[in-house]
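[1] Pasting a predicted model and its sequence here:
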Amino acid sequence: MRLDYLSIFPGYFDVLGISLLGKAAVNGLVDVYAHDLRDWTHDRHRTVDDTPCGGGAGMVMKPDPWGEAFDEIIGTEPDPSVHVVFPSPSGEPFTQSVAHDLSSVERIVFCCGRYEGIDHRVIDYARSMWTVHEVSLGDYVLNGGEVAALAITEAVVRLVPGFMGNPQSLAEESFSAGQDGLLEYPLFTRPVSWRGLDVPEVLMSGHHGRIAKWRRDESIRLTRERRPDLTDSDVSARH
Ligand SMILES: OB(O)c1ccc2cc[nH]c2c1
């Protein structure tokens with residue numbers, strides 16, 4: 001998997017050389033390339049923004065640098081196998097399902113906006129050429145797309161076959177298919193008693209059936225309490 005990042009702050013992506021993502025890069029599972037969008041400007045100030053057409057506060061990212069960067073980094077021919085991700089507060093929700101879908105693609109290009117955002121024609125052009133995902137991490141606004149791109153990267157790369165030492169752990173996580181999309185049950189380890197707080201007895205019983213039921217019940221309870229939006233009537237009935 002090749003990952004490209006287009007940003008006016010490419011240094012954000014130095015962190016991808018650390019920990020598991022660094023290991024994946026070393027193992028050849030992922031190749032990471034960060035690009036400074038200003039390298040595709042031609043004026044002395046390396047300008048990437050301008051005032052919004054129609055007025056309004058702030059500045060908008062000009063389309064020209066993006067188009068020239070696309071030409072050089074991706075190419076000038078349409079290729080739906082290239083996935084271009086625009087993190088955006090107005091994007092579709094980024095979910096574990098989207099992460100799973102992206103974990104099987106060969107190439108992802110992250111376009112990290114700043115200021116008030118990117119001229120919309122850049123997104124429209126990208127849609128005419130590649131497979132585009134405008135995605136939001138949640139109902140809050142960051143100062144740019146870089147942190148979102150890092151979060152999406154981690155969510156996606158950890159699902160790439162061969163990345164995780166023990167792929168079984170993925171099956172039991174929140175939102176995983178193995179959990180029916182429910183939240184993960186509470187986790188415990190030794191010591192059995194800690195500051196007057198004990199591990200639930202059932203988990204020390206060695207009775208696998210009872211343990212499995214306790215974990216399922218806890219997942220259902222937590223999901224109903226914290227994320228009723230994840231439990232539809234059918235799921236509730238089944239649970
Ligand atoms: O919250 B976000 O994911 C996000 C993404 C891109 C831009 C560009 C300017 N502000 C942004 C915020």
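    Ah, there it is. Treat the numbers as computed from the prediction; the structure is a model and nothing was measured.

[2] The ligand contacts on the protein?
    Counting by C-beta under 6 Å from any ligand atom, the chain comes close to the ligand at 87-89, 113-114, 117, 137, 141-145, 148. (C-beta placed from N, C-alpha, C; glycine too.)

[3] from these, which is closest to residue 12?
    Nearest to residue 12 among the residues of the chain next to the ligand, counting by C-beta to C-beta, is residue 144 at 8.5 Å.

[4] picking up where we left off before, give me the buried subset of the residues of the chain next to the ligand.
    87, 88, 113, 114, 117, 137, 144, 145, 148 (16 or more other C-beta atoms under 10 Å).

[5] List the buried residues for the strand or helix carrying the first one?
    Meaning residue 87. Using DSSP states H and E, the element containing residue 87 is strand 82-93. The neighbour-count check on strand 82-93 (16+ other C-beta under 10 Å) flags 82, 83, 84, 85, 86, 87, 88, 91 as buried.

[6] Tell me which of the residues of the chain next to the ligand fall in strands.
    Counted as lying in strands by DSSP state E, out of the residues of the chain next to the ligand, are 87, 88, 89.

[7] Residue 94 and residue 145 touch, don't they?
    No. Applying C-beta atoms under 8 Å as the test, residue 94 and residue 145 come out as separate, 11.7 Å apart.

[8] For stretch 131-143, give me every contacting residue.
    80-94, 98, 102, 114, 123, 126, 148, 151-152 (C-beta atoms under 8 Å, 6 or more residues apart in numbering).

[9] Same question for stretch 23-35.
    Residues contacting stretch 23-35 (C-beta under 8 Å, 6+ apart): 1-7, 10-14, 16-17, 21, 69, 73, 157, 160, 162-163.

[10] got it, and stretch 152-172?
    By C-beta under 8 Å, 6+ apart, stretch 152-172 touches 1, 3, 16, 20-21, 24, 27, 29-30, 85, 87, 94, 96, 99-100, 102-103, 108, 110, 135, 137, 176-179, 184.

[11] Out of those residues, which end up buried?
    Looks like the contacts of stretch 152-172 have 1, 3, 16, 21, 24, 30, 85, 87, 94, 96, 99-100, 102-103, 108, 110, 135, 137, 176, 179, 184 buried, using 16+ other C-beta under 10 Å.
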